[in-house]
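Asker: here's my sequence, what's the structure:
(2 chains)
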Protein chains: 2
Amino acid sequence: MIETPYLLFLGDAPDQLAAKVAQGIKDWRPDYAVGHFRLEGCGADMGLPDMTLAEAREAGVKTLVIGVANRGGVISKAWKKVLVAALEEGFDLASGLHNLLRDEPDLVEVARATGRSLHDVRVPDRAYPIADGKARSGKRCLAVGTDCSVGKMYTGLAMEREMRERGMKASFRATGQTGILITGEGVPLDAVVADFMAGSIEWLTPDNEADHWDLIEGQGSLFHVSYSGVTMALIHGGQPDALILCHEPTREHMRGLPDYKLPSMESLRDLALQVAHMANPGCKVVGISVNTAALGEDEARAYLEEVEGRMGLPAVDPFRHGAARLVDALEAV
Amino acid sequence: MIETPYLLFLGDAPDQLAAKVAQGIKDWRPDYAVGHFRLEGCGADMGLPDMTLAEAREAGVKTLVIGVANRGGVISKAWKKVLVAALEEGFDLASGLHNLLRDEPDLVEVARATGRSLHDVRVPDRAYPIADGKARSGKRCLAVGTDCSVGKMYTGLAMEREMRERGMKASFRATGQTGILITGEGVPLDAVVADFMAGSIEWLTPDNEADHWDLIEGQGSLFHVSYSGVTMALIHGGQPDALILCHEPTREHMRGLPDYKLPSMESLRDLALQVAHMANPGCKVVGISVNTAALGEDEARAYLEEVEGRMGLPAVDPFRHGAARLVDALEAV
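Answerer: Next comes the predicted model:
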């Protein structure tokens, strides 16, 4: 578990998109985002105060989070200088980079000397059990997609926010690096060893109060041949009571697979439900989340209406129109 | 790749079952099995000559294979003495034990000094790519099961033998520890990191001659919630042209999951085919392999006949009656 609040390190991010991890934290856990730290030439801006390390310390920051992707997979000298200084200032470091903090001998040495922690959320920080398939108390909702990167994380976070605003008990359960940095905990499922995938999700979503919902972050797609095994384990380990179907309507082929067409939402519904029923016979598909970013407002409304009529389920773009109707559907479960 | 032939180390195996890895090598790669090495009190016998290390060397052995499970997960002093002597005698070591040879400092040291290799087939020995889903030349057959441990490995090996006897081009592709020790190569799929599972199977079953068959060793089951993700990745990475359904008719619940009933063979057929068609629209279910060990001969025959009539597919127990009819079905593809 990563200690909060955070100072968001934006480094020399060329633009806002390169700092999407920081943006996610700012959007979804604004209380965690006290300030940001930018290097010369940084083109990203989180709308937060620029802070020196000393100022951040004064403001109560516990962890410096790398909120930007590094180019070429190398931690540059300019970055390293800040990271070392942050450890010396008394902060932990947290990173989702492919190249790990723990593989940098100078960072390891300073962290040891100062008693600070290096959180590499790219890889698991513990051993997980093999799944036992036992029913657990509390309720679980999982977003499943027709493809990768269709808005599953966003959907879960938006639903969690709406549910908390309504006074419902809800926990977003991160299964990817960005989600883990946003919430401060989770399972980096794509880096878990095959035998322990489903067990890691059981561990992540344990017994809970009967009216508590885990909103499990989806990964991959049952229809994406590179990652379908990850999605399968997520469904069987998560034992969801409710599924949200996620879709991006303008995509021409599966992400990264030019020869593969996207499945229909009907196919996704039927397959995901069949698979989910093995672990939880009561599971229902309760709603549809569409990423309509590529459509105009009228076009988006018309598309959602068509989908809603065809599928007989509430269909919304939670970014554009809020997650209220998806949460209504969960409340009705 | 493990160098052959082998001396099979049976250690102090209490009985034949404890030495099932050695038995598998003896059964399926008899050319690799030159002799066995037994300690005081060993209750297993492969019907091979007992050999000293010097005799094994004389006989051309290249690798000492640990063909037995160790009790308690500790490599005992008595074993260690033999393993060290084997390295000094000039043999490589190969093991599928959970506790790795490479984690034993004395073995590492002697291996380095003697220039020998320690093959721990429990874990991957290389990095695998992410699956790209591209069609490959050559043909592939995969065994899928209603449950774990229903005879998938045996089915693949029996089909490979039959095919080679007919002069067909066939390669058993091991995806588990025992299979890897039997054939000397493969992918320990259950130990591969999630993101690379499907890619590891693409790597294992590359482009080949148009009339060559890979017989891919199955793992887990789409219906086994602990391991279904592994099976899913195997189907999507393997892109099979043909599926063999495997079943054990007397099992009362899914292995290790008392609350889970086995699916019907019809459910397995339909789900496996739907999933396989995503990666290879031409895939067909061609036959059924039943492990009838728990049935008498008449009962087994009656059961197979009933299944064959109901499913409209050849149904055989390859251990009891040979794999010929399964191979006939492959030849017809």
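
Asker: how about the strands in chain A?
Answerer: With strands called from DSSP state E, chain A shows them at A:6-11, A:33-38, A:63-66, A:92-95, A:118-120, A:139-145, A:169-173, A:212-216, A:242-247, A:284-290, A:315-316.

Asker: the fifth one pairs with which strands, parallel or anti?
Answerer: In other words, strand A:118-120. As defined by DSSP bridges, the strand partners of strand A:118-120 come to strand A:92-95 (parallel).

Asker: quick revisit: so which of the strands of chain A gets nearest B:G179?
Answerer: Ranking the strands of chain A by their distance to B:G179 (criterion: C-beta to C-beta) puts strand A:139-145 first, at 32.3 Å. For glycine as for every other residue, the C-beta is placed from the backbone atoms N, C-alpha and C.

Asker: tell me the residues of chain A that contact chain B?
Answerer: Of all the residues in chain A, those in contact range of chain B (C-beta under 8 Å from any C-beta of the partner chain) are A:130-135, A:189-195, A:197-199, A:222-223, A:225-234, A:236-237, A:254, A:256-257, A:259-260, A:271, A:274-275, A:278-279.

Asker: just the buried residues of those residues.
Answerer: Buried members of those, scored by 16 or more other C-beta atoms under 10 Å in any protein chain shown, are A:130-131, A:133, A:189-195, A:197-199, A:222-223, A:225-234, A:236-237, A:254, A:256-257, A:260, A:271, A:274-275, A:278-279.

Asker: what about stretch A:239-247, distance to the chain center?
Answerer: Using C-alpha atoms, centre = their mean, to the nearest Å, the distance from the centre of stretch A:239-247 to the centre of the chain it belongs to is 15 Å.

Asker: and if you look at stretch A:286-297?
Answerer: Between the mean C-alpha position of stretch A:286-297 and that of its chain there is a distance of 18 Å (C-alpha atoms, centre = their mean).

Asker: go through that stretch and flag the buried ones.
Answerer: Buried residues in stretch A:286-297, defined by neighbour count with 16+ other C-beta under 10 Å: A:V286, A:G287, A:I288, A:S289, A:V290, A:N291, A:T292, A:L295.

Asker: separation between the third one and chain B?
Answerer: Spelled out, it's A:I288. 21 Å (C-beta to the nearest C-beta, to the nearest Å).

Asker: now A:R255: closest residue in space, sequence neighbours ignored.
Answerer: Spatial nearest neighbour of A:R255, excluding adjacent residues (C-beta to C-beta, 6 or more residues apart in numbering or on different chains): A:C148 at 4.6 Å.

Asker: A:F37 now?
Answerer: By the measure of C-beta to C-beta, 6+ apart, the closest residue to A:F37 outside its immediate chain neighbours is A:F9, 5.0 Å from it.

Asker: just checking, the one you found touches A:T63?
Answerer: No. Judged on C-beta atoms under 8 Å, A:F9 makes no contact with A:T63 at a distance of 10.1 Å.

Asker: between these two, which is the more surrounded one?
Answerer: Between A:F9 and A:T63, counting by other C-beta atoms under 10 Å in any protein chain shown, A:F9 is the more crowded of the two (26 against 23).

Asker: count of residues packed around the residue lying closest to A:A276 once chain neighbours are set aside?
Answerer: Excluding its sequence neighbours, the residue lying closest to A:A276 (C-beta to C-beta, 6+ apart) is A:C283, at 4.1 Å. Taking other C-beta under 10 Å as the neighbour definition, A:C283 ends up with a count of 25.

Asker: my read is that A:C283 contacts A:D241, right?
Answerer: Yes. Assessed by C-beta under 8 Å, A:C283 is found in contact with A:D241 at 5.8 Å.

Asker: so which residues make contact with stretch A:293-301?
Answerer: Defining contact as C-beta atoms under 8 Å, 6 or more residues apart in numbering or on different chains, one finds that stretch A:293-301 is touched by A:E248, A:P249, A:T250, A:V290, A:T292, A:Y303, A:D317, A:F319, A:R320.

Asker: out of those, who's nearest chain B?
Answerer: Within the contacts of stretch A:293-301, distances to chain B taken as C-beta to the nearest C-beta reach their minimum at A:E248, with 18.3 Å.

Asker: the closest one reaches A:S289, doesn't it?
Answerer: No. A:E248 is beyond contact range of A:S289, at 10.0 Å (criterion: C-beta under 8 Å).

Asker: can you pull the residues that touch both of the two?
Answerer: Here A:E248 and A:S289 have A:G151 as joint contacts, going by C-beta under 8 Å, 6+ apart.

Asker: the residue of chain A positioned farthest from its centre and B:Y227, how far apart?
Answerer: Ranked by distance from the centre of chain A (C-alpha atoms, centre = their mean), the top residue is A:A113, with 32.4 Å. From A:A113 over to B:Y227 the distance is 43 Å, taken as C-beta to C-beta, to the nearest Å.

Asker: also A:E308?
Answerer: Taking C-beta to C-beta as the criterion, A:E308 is separated from B:Y227 by 37 Å.

Asker: ok, A:R310 next?
Answerer: The value you get for A:R310 to B:Y227, if C-beta to C-beta is used, is 35 Å.

Asker: same check, this time on A:M232
Answerer: From A:M232 across to B:Y227, the span is 10 Å (C-beta to C-beta).

Asker: check A:T155 too.
Answerer: Between A:T155 and B:Y227 the computed distance is 28 Å (C-beta to C-beta).

Asker: what do you get for A:L268?
Answerer: Counting by C-beta to C-beta, the gap between A:L268 and B:Y227 amounts to 23 Å.

Asker: the spatially closest residue to A:E266 that is not a sequence neighbour: neighbour count?
Answerer: For A:E266, the nearest residue in space outside its immediate sequence neighbours is A:M311; the separation is 7.3 Å by C-beta to C-beta, 6+ apart. The local packing of A:M311 (other C-beta under 10 Å) involves 17 other residues.

Asker: please list all residues in contact with A:M311.
Answerer: By C-beta under 8 Å, 6+ apart, the residues touching A:M311 are A:L245, A:M265, A:E266, A:R269, A:I288.

Asker: now the two most distant members of those residues.
Answerer: Considering C-beta to C-beta, no two members of the contacts of A:M311 lie farther apart than A:E266 and A:I288, which are separated by 11.1 Å.

Asker: just to revisit the earlier point, can you pull the pLDDT of the residue nearest to A:A276?
Answerer: In the prediction, the pLDDT value recorded for A:C283 is 98.

Asker: quick one: it from chain B, how far?
Answerer: Applying C-beta to the nearest C-beta, the value for A:C283 to chain B is 13 Å.

Asker: before we move on, the earlier item: could you pull up the residues touching the residue nearest to A:F37?
Answerer: The neighbourhood of A:F9, defined by C-beta under 8 Å, 6+ apart, consists of A:A22, A:H36, A:F37, A:L64, A:V65, A:I66, A:G67, A:V68, A:W79, A:V82, A:L83, A:A86.

Asker: likewise A:V61?
Answerer: A:V61 makes contact with A:P5, A:Y6, A:L7, A:V34, A:G35, A:M51, A:F91 under the criterion C-beta under 8 Å, 6+ apart.
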